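[1] Got a predicted model here, sequence first, then my questions.
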Amino acid sequence: MSTSGNTGDRPTRKGGRPNKGPRHPRLLRFKTKVNTALEKAAEAKGVSVQEYLDQLVEENVKSFMDDEEEQLMSA
């Protein structure tokens, strides 16, 4: 018996941010002082650390992206 609260076969959505398309997961490990700086910088921009890193990386690799990838990353 499931305790997830899901009734039937339809998926449930609990809110959160909209889907931004396919993603490739990566695990990054930062020095503690770098992580603290990342958190402060992201907070100053009003975004999550993940979104902040996405923006930084995209700015630096844009010239290597083809049009399709650029559209997926820019959501």
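    Structure's in. What do you need? Residues are numbered from 1 along each chain as shown.

[2] Checking the closest residue in space to Val49 that isn't next to it in sequence next. Helix, strand or coil?
    Spatial nearest neighbour of Val49, excluding adjacent residues (Cβ to Cβ, 6 or more residues apart in numbering): Ala42 at 4.6 Å. C-beta: built from backbone N, CA, C; applies to glycine. Reduced to three states with DSSP: H, G, I helix; E, B strand; the rest coil, the structure at Ala42 is helix.

[3] contacting residues around Ala42?
    Contacts for Ala42 (Cβ atoms under 8 Å, 6 or more residues apart in numbering) come out as Ser48, Val49, Glu51, Tyr52.

[4] Out of the residues you listed, which end up buried?
    Tyr52 (16 or more other Cβ atoms under 10 Å).

[5] For Arg26, state which of the contacts of Ala42 is nearest.
    Val49 (13.3 Å; Cβ to Cβ).

[6] For Thr32, see how far away the closest one is.
    For Val49, the distance to Thr32 equals 14 Å [Cβ to Cβ, to the nearest Å].

[7] With respect to Leu27, which of the contacts of Ala42 is nearest?
    The closest of the contacts of Ala42, once distances to Leu27 are taken by Cβ to Cβ, is Val49, at 13.7 Å.

[8] correct me, but that closest one touches Thr36?
    No - using Cβ atoms under 8 Å, Val49 is not in contact with Thr36; the gap is 10.6 Å.

[9] between those two, what contacts are shared?
    Contacts common to Val49 and Thr36, judged by Cβ under 8 Å, 6+ apart, are absent.

[10] And the helices in this structure, which stretches?
    32-45, 49-61, 67-73 (DSSP state H).

[11] Which of the residues in the first one are classified as buried?
    In other words, helix 32-45. Within helix 32-45, judged by 16+ other Cβ under 10 Å, the buried ones are Leu38, Ala42.

[12] Could you give the average pLDDT over that helix?
    Averaged over helix 32-45, pLDDT sits at 97.

[13] Ok, stretch 58-75 next?
    On average, stretch 58-75 scores 72.

[14] I'd like the helices of the chain laid out as a markdown table, including distance to Thr12.
    Formatted as a markdown table, the helices of the chain follow (distance: least, Cβ to Cβ, whole Å):
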| stretch | distance to Thr12 |
| --- | --- |
| helix 32-45 | 29 |
| helix 49-61 | 24 |
| helix 67-73 | 26 |
